[in-house]
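Chemist: show me how the following folds:
(4 chains)
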Protein chains: 2
Amino acid sequence: MIYTKTGEYAIRAILFLARQSSDILVMSSDIAKKEDIPSHYLAKILQRMAKYGYVDSYKGRGGGFKITKLALDSSILEIVERIEGPVITLKCVTGLKECSDEHPCPLHDEWSKLRDNIHYLISSKSVRQVAEEYTETLKRKV
Amino acid sequence: MIYTKTGEYAIRAILFLARQSSDILVMSSDIAKKEDIPSHYLAKILQRMAKYGYVDSYKGRGGGFKITKLALDSSILEIVERIEGPVITLKCVTGLKECSDEHPCPLHDEWSKLRDNIHYLISSKSVRQVAEEYTETLKRKV
DNA sequence: TCAATTTCGGATATTTAACTCCTTATAAAT
DNA sequence: ATTTATAAGGAGTTAAATATCCGAAATTGA
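Modeler: Model prediction:
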């Protein structure tokens, strides 16, 4: 896996919220049900994301969460790293201690490229873009 | 990270053994010291690798481990997956439940390619090749 | 034969991630 | 006001990964 579960849950929740119309509030428990995420655990994650400014939260009856502009304009990578720390930290796929740009192991350069590609893949589009494109895809398939 | 620590330790140990001359035995504790791996923990991993046939083990005074042909001819991926199970299982970087080849999310195809590339990177060369090429690199740099 | 050394195998401990539960604060509906 | 519904926050539990410890078995050297 490339994220922790916590990070994965965070993204799933954010992308879910990003696909809702901007004026409604969604309850934590609804997201949990729809996305099949442990309810109380997700609640904690949303709580953190509210602190980071990725969602706005409203207490009390009729309350819930909605995504913020900040999150819509952020990349998946940014949000995940905020939640779980650096993504793909392994120095090199060989794990060799001495492996570095100066003393590269045989896989080092290729691995560096791939790692960059992964980071690019999840950072070059905004959450908004990903969500919109995904919605389009689902429509077409019907 | 792309491997668990256990998997990483296993590879480091295997690559270390692959770089030793074929007639000597190396003690678990030596590998641990040289590769900076928790000694007792590594011992367990070597024990498992002995069962899998990746190393031969010799008890008693003067005993230790040496790598087998099987391991030298295996890829890093094969060995890691034997130790820790499938590498990079996450369905997709978006984590979306509905995401699949039929209903691909916007990152799905690119991610599939990258995942294949990673697998190729760590499976197309044998441990022997990687070890030899790395030894060459280290020589040149002196 | 005995002592020393090394792996083996099982048990235990520690750490971290994942998950749950309970109480409080807040807001809306009755 | 009171009830109901929701998030916030703190504490606790479970599970899995990581790490340590110890006695047994095997092998070598004295």
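Chemist: buried stuff in the lowest-mean-pLDDT helix or strand in chain A?
Modeler: Sorted by mean pLDDT, DSSP states H and E, the helices and strands of chain A end with helix A:127-141, the least confident at a mean of 87. By 16 or more other C-beta atoms under 10 Å in any protein chain shown, the buried positions in helix A:127-141 come out as A:V127, A:V130, A:A131, A:E132, A:Y134, A:T137. C-beta: built from backbone N, CA, C; applies to glycine.
Chemist: who does it touch, helix- and strand-wise?
Modeler: helix A:5-18, helix A:69-73, helix A:76-84 (3 or more C-beta pairs under 8 Å, 6 or more residues apart in numbering or on different chains; DSSP states H and E).
Chemist: sorry, back to before: redo the buried residues of helix A:127-141 as JSON lines? Include distance to DNA strand C.
Modeler: Putting the buried residues of helix A:127-141 into JSON lines (distance: C-beta to the nearest atom of the strand, whole Å) gives the following:
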{"residue": "A:V127", "distance to DNA strand C": "21"}
{"residue": "A:V130", "distance to DNA strand C": "22"}
{"residue": "A:A131", "distance to DNA strand C": "23"}
{"residue": "A:E132", "distance to DNA strand C": "28"}
{"residue": "A:Y134", "distance to DNA strand C": "23"}
{"residue": "A:T137", "distance to DNA strand C": "27"}
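Chemist: can you tell me which of these is nearest A:G95?
Modeler: A:V130 (31.8 Å; C-beta to C-beta).
Chemist: burial of A:P106, as a residue count?
Modeler: By other C-beta atoms under 10 Å in any protein chain shown, 21 other residues sit near A:P106.
Chemist: over to the one 10 residues further on?
Modeler: The local packing of A:D116 (other C-beta under 10 Å) involves 10 other residues.
Chemist: show me what contacts whatever residue of chain A ends up closest to DNA strand D?
Modeler: Going by C-beta to the nearest atom of the strand, DNA strand D is nearest to A:S57 of chain A, at 3.3 Å. Each residue near A:S57 by C-beta atoms under 8 Å, 6 or more residues apart in numbering or on different chains is listed here: A:L46, A:Q47, A:A50, A:G63, A:G64, A:F65.
Chemist: does it belong to a helix, a strand or coil?
Modeler: strand (DSSP: H, G, I helix; E, B strand; the rest coil).
Chemist: element containing the nearest residue to A:T89 once chain neighbours are set aside?
Modeler: Counting by C-beta to C-beta, 6 or more residues apart in numbering or on different chains, A:T89 lies nearest to B:M1, which is 5.7 Å off, once chain neighbours are set aside. Under the criterion DSSP states H and E, no helix or strand holds B:M1.
Chemist: quick one: the residue of chain A most remote from its centre from B:A18, how far?
Modeler: Distance from the C-alpha centroid of chain A peaks at A:H103, with 33.7 Å (C-alpha atoms, centre = their mean). A:H103 is 17 Å from B:A18, where distance means C-beta to C-beta, to the nearest Å.
Chemist: next: A:T135.
Modeler: 50 Å.
Chemist: what does A:I83 give?
Modeler: 38 Å.
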